[in-house]
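[1] all I have is the shape, not the residue letters:
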């Protein structure tokens, strides 16, 4: 039976080995030679290493054969299934399915293995554990996020107020023009003045919101520290 299995592997895989001399093919040939003389551990190691170098289906079938002949049907089942998932030709898939069914039947009929209970090491007596010191109390002034919000908010308030003042002053100069010539001299700046006032209002609003967020964070930290 062993000789027939070995012959089947050689017949299926040896032409692939002879076609090239890559490192993976050399491992396949080495595994087949070990398989043929019953050195299944060496064959399994060669097939696994070869599959890592070149993940080809022939390595999976050869690996399943070596594992089955070694008596490790559980591992062989996984290898056969992986091989069949590659959709091999029917002439190669048929023996793989037959050997897979043989291993599955053997596993189904095998007596259950008794559960082994490993002895637990004795627990050494524990010394009194000193609780760690409590973490330092968080202070409101240490909150960086609140400080950043307050800083950016204050800057936005100042910049917004300045922009609004410039725009407002320009708009008033247009409104206070006593003659058409005075108005015409600065009339083209009317849109710029309006944009400055709008930008100033937006900046003040944003700055106020940021300052409000900062104050809210400081208040929350002061209550929950």
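    Yep, that arrived. This is a predicted model, so every value here is computed, not measured. Residues are numbered from 1 along each chain as shown.
[2] quick one: least confident helix or strand in this protein?
    Least confident helix or strand of the chain, by mean pLDDT, DSSP states H and E, is helix 2-19 with a mean of 50.
[3] heading C-terminal from that one, find the next helix or strand.
    The helix or strand immediately downstream of helix 2-19 is helix 23-36, counting by DSSP states H and E.
[4] buried residues in that following helix, which are they?
    Using 16 or more other C-beta atoms under 10 Å as the burial criterion, the residues of helix 23-36 that qualify are 24, 25, 27, 28, 29, 30, 31, 32, 34, 35, 36. No exception for glycine: its C-beta is placed from N, CA and C like everyone else's.
[5] can I get those in JSON lines including pLDDT and distance to residue 74?
    Listed next are the buried residues of helix 23-36 as JSON lines, based on pLDDT from 0 to 100; distance: C-beta to C-beta, whole Å:
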{"residue": "24", "pLDDT": "91", "distance to residue 74": "26"}
{"residue": "25", "pLDDT": "93", "distance to residue 74": "28"}
{"residue": "27", "pLDDT": "94", "distance to residue 74": "24"}
{"residue": "28", "pLDDT": "93", "distance to residue 74": "23"}
{"residue": "29", "pLDDT": "94", "distance to residue 74": "27"}
{"residue": "30", "pLDDT": "94", "distance to residue 74": "25"}
{"residue": "31", "pLDDT": "94", "distance to residue 74": "20"}
{"residue": "32", "pLDDT": "95", "distance to residue 74": "23"}
{"residue": "34", "pLDDT": "95", "distance to residue 74": "21"}
{"residue": "35", "pLDDT": "95", "distance to residue 74": "19"}
{"residue": "36", "pLDDT": "94", "distance to residue 74": "24"}
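[6] and which of these is nearest residue 58?
    Nearest to residue 58 among the buried residues of helix 23-36 is residue 28, at 6.8 Å by C-beta to C-beta.
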